[in-house]
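**Q** Could you work out the structure for the sequence below:
(2 chains)
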Amino acid sequence: MDTTLTLAIAGIATGCVYALVALGFVLIWKATQVVNFAQGELMMLGGFAGLGLVTIGWPWPLALAGAALAGALFGLLAERVVLRPLLGQPHIPIVMTTLGLGFMLKGAVTMIPGAGAETHALPTPFAGQSIAFAGATAAADHFLVIGVTLLLGAALFGFFRLAPLGRALRATAQNPRGAQLVGIPLARMQGTIWALAAGLAAIAGMLLAPLTFVHAHMGLIGLKALPAAVIGGFGSIPGALAGGLLLGLVEAFAGFYAPEGVKDIAAHVLVLAVLLLRPAGLFGRPQENT
Amino acid sequence: MRRTLVVIVLLALAAAPALLSPWGLSQLTFVAIYIVAGTGLMLLAGHAGQLSLCHAAFIGVGAYVEAILHARGWPLPVSLLSATILASVTGIVAAWPARKLSGIYLAIATLSFGFIVQEIFMRWESVTGGNAGLAVANLDAGRFYWLALAASLGALWLLGRLLAGRLGRAFIALREDMTAATAIGIAVPRVKVTAFALAAAFGGLAGALYAHQLRFVSPEQFDWVMSIELLMMLVIGGLGTRAGIVIGAVFLIVLPQAIALLRDGLGWVTPPAGIELFAFGFALVLTLRYAPAGLAGWLGKSASL
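**A** Take a look at the predicted model:
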């Protein structure tokens, strides 16, 4: 029982990070019909930005906000410089461009002298503490990750439901031409969604740090978050969150009970099963899957 | 003009063993191997329009089959053929979930398939040697060059023949408009599976040669980065053209050497790790932005001006 609960908390915490990265994938996909394969690298960039800010003495919560802002600005820049010129092209060139962007980011970070090729610890204010919870103990960091994700989820929900910008973004995702007709500037919406997705990725990078450290290859997590998004139903925001949490839980339990290696490919086996049996994802509607 | 160019290139390739250092010859052999692998992926991604992100898995299966059979003393033609066939079977397995998917869902399914195959290389230790990998006996470098060269020219020739035929036209129809292809009576799922099987067969042959060239196979060689690099190579070379395969393969091999030269020129003691990755990504982004038809298309345009 204790083990189950501890595993579940750890799984949910990892799942929250997957969910945040998956959310970035889904936001960009919904708004621009582009799968951003650089999403994992944007997360890595956020991890390094946070690391830099903490190193120069910023307190952790401020560094989190700073990393999110830096990530958002970078997302804005990447959309404007790299992706907007390709607007309207078929999907292979655009997907390849995001892959190229990912390679560039990973290469550039690795090139940072004295830091890029190393693995860094980025401790949260609660590092090393644990909390007893219903008969089980779990790392305080796990609760921090879950808490921040919940807050972000609530904030995003409010933003998309209530804020004029959020509603404009939803309109753009539903019907770009219709949105344009009622006066929503499409290009600016795309930039905004990239900023939002990259900001979320940066936060995910800082939240992942206590679980796996900060290093140039941490963007590989993105290649698990992408299947997580598909498992939940690509194009559905609650689906992305659910897919991320599901994957985190499956990995936590597989890592404990299943033979070595099962944990590492759980995401990929699950996504193939979902694509075979229910191509629209667990929460998607069939007609969305084209 | 074009014929003259081909004749010159063929003569240069024939003279290469006499002219090049052993190192140069091995680089040329790598180019030939990448051409074989690239031909398969070009067929699938460039002509049939199926964005596959697991080509490294097919190359890996070919490499492991060759490593294992060669160690057991199988004659080279038989082991190469076995590697090609088993890789092709892997391609059919990969195509099974993929046959009803398209676009980005296909990309994700193949990406995940590649991760699973790599995990099998790692965990099936009794056969693959796990993370420690397998050593492969080397072949005579001079004769091996001819083998790789023959394989690359044969692959390019075969692709040309294939595209001239009914199946090749079906591939292109698939890429251009799947609904229209279905409407004119093309069995889309079957053609897709065929494209995967053929692409994987080329990949398997390339993998078998790759195993001999490196004399070592291990799981991390066949990771997703290899699949992406091959795709990038084709996009930079020029998607949908045979010249693009050759130019892309040369680019892939020359890029690290160019960076090494640049390093000497700038007086860096050690190049910062990651510069190759950065340069490769940058080259790709630039190509897609300014020369969407790739270097082959760009050269073709400049030549006709």
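**Q** element containing the residue nearest in space to the middle of chain B, please.
**A** The structure's chain B has its C-alpha centroid closest to residue B:37; by C-alpha atoms, centre = their mean the separation is 2.4 Å. Secondary structure from DSSP states H and E places residue B:37 in helix B:22-41.
**Q** Kindly spell out which helices and strands sit in contact with that helix.
**A** For helix B:22-41, the helices and strands in contact under the criterion 3 or more C-beta pairs under 8 Å, 6 or more residues apart in numbering or on different chains; DSSP states H and E are helix B:2-19, helix B:55-71, helix B:141-164, helix B:188-214, helix B:224-237, helix B:242-266. Where you see a C-beta, it was placed from the backbone N, CA and C, and this is true even at glycine.
**Q** export the ones you listed to CSV and tack on mean neighbour count?
**A** Formatted as CSV, these follow (neighbours: other C-beta atoms under 10 Å in any protein chain shown):
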stretch, mean neighbour count
helix B:2-19, 11
helix B:55-71, 28
helix B:141-164, 17
helix B:188-214, 26
helix B:224-237, 24
helix B:242-266, 17
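**Q** out of those helices, nearest to residue A:214?
**A** helix B:224-237 (20.3 Å; C-beta to C-beta).
**Q** Now do the closest one: distance to the chain's middle.
**A** On the basis of C-alpha atoms, centre = their mean, to the nearest Å, the separation between the geometric centre of helix B:224-237 and that of its chain is 8 Å.
**Q** and that helix, average pLDDT?
**A** Along helix B:224-237, the predicted confidence averages to a pLDDT of 91.
**Q** ok, now stretch B:192-202?
**A** The predicted confidence, averaged over stretch B:192-202, sits at 94.
**Q** If I look at residue A:135, what pLDDT would I see?
**A** Residue A:135 is assigned a predicted lDDT (pLDDT) of 69.
**Q** do the one 4 residues further on as well
**A** Reading off the per-residue confidence, residue A:139 sits at a pLDDT of 80.
**Q** Please name the residues that touch it.
**A** Each residue near residue A:139 by C-beta atoms under 8 Å, 6 or more residues apart in numbering or on different chains is listed here: A:10, A:129-131, A:210.
**Q** ok, now with 10 Å
**A** With contacts taken as C-beta atoms under 10 Å, 6 or more residues apart in numbering or on different chains, residue A:139 has the following neighbours: A:6, A:9-10, A:13, A:124, A:126-131, A:145, A:210-211.
**Q** Reformat the residues you listed into CSV and put pLDDT and neighbour count next to each item.
**A** Output for those, formatted as CSV (pLDDT from 0 to 100; neighbours: other C-beta atoms under 10 Å in any protein chain shown):
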residue, pLDDT, neighbour count
A:6, 83, 20
A:9, 86, 22
A:10, 86, 23
A:13, 88, 26
A:124, 76, 21
A:126, 77, 16
A:127, 73, 14
A:128, 73, 10
A:129, 79, 12
A:130, 79, 15
A:131, 78, 14
A:145, 87, 28
A:210, 79, 22
A:211, 79, 16
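**Q** Distance to chain A added to the helices and strands packed on helix B:22-41, as CSV?
**A** Output for the helices and strands packed on helix B:22-41, formatted as CSV (distance: least, C-beta to the nearest C-beta, whole Å):
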stretch, distance to chain A
helix B:2-19, 27
helix B:55-71, 12
helix B:141-164, 18
helix B:188-214, 13
helix B:224-237, 5
helix B:242-266, 11
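**Q** Among these, which comes closest to residue A:104?
**A** helix B:224-237 (11.7 Å).
**Q** Do a quick rundown of the helices in chain A.
**A** Remark: helices of chain A, listed N- to C-terminal, are A:2-32, A:39-55, A:60-78, A:91-110, A:140-162, A:164-174, A:176-181, A:186-212, A:222-232, A:237-257, A:262-277; assignment by DSSP state H.
**Q** Let's see the helix holding residue B:37 as CSV, backbone CA atoms only.
**A** Output for helix B:22-41, consisting of C-alpha atoms alone and laid out as CSV, is shown next (Å, rounded to 0.1, in the frame of the first residue of the first chain):
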residue,chain,number,x,y,z
PRO,B,22,42.9,4.4,-47.3
TRP,B,23,41.2,7.0,-45.2
GLY,B,24,39.8,8.7,-48.3
LEU,B,25,38.6,5.4,-49.7
SER,B,26,36.8,4.5,-46.5
GLN,B,27,35.0,7.9,-46.5
LEU,B,28,33.9,7.2,-50.1
THR,B,29,32.7,3.8,-49.0
PHE,B,30,30.6,5.5,-46.3
VAL,B,31,29.1,7.8,-49.0
ALA,B,32,28.2,4.7,-51.0
ILE,B,33,26.6,3.0,-47.9
TYR,B,34,24.6,6.1,-47.1
ILE,B,35,23.4,6.2,-50.7
VAL,B,36,22.0,2.7,-50.4
ALA,B,37,20.2,3.6,-47.1
GLY,B,38,19.1,6.9,-48.6
THR,B,39,17.6,5.3,-51.7
GLY,B,40,15.2,3.3,-49.5
LEU,B,41,14.2,6.3,-47.5
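**Q** Work out the gap between that helix and the centre of the chain.
**A** A distance of 9 Å separates the C-alpha centroid of helix B:22-41 from that of its chain, computed with C-alpha atoms, centre = their mean.
**Q** rewinding a little: touching, the residue nearest to the centre of chain B and residue B:155? I think so.
**A** Yes. If you go by C-beta atoms under 10 Å, residue B:37 and residue B:155 touch, sitting 8.9 Å apart.
**Q** Up against chain B, what does the stretch 151-290 of chain A have?
**A** Those residues of the stretch 151-290 of chain A that sit near chain B, judged by C-beta under 10 Å from any C-beta of the partner chain, are A:216, A:220, A:223-224, A:226-227, A:229-230, A:234, A:259-262, A:264-265, A:267-277, A:279-281, A:289-290.
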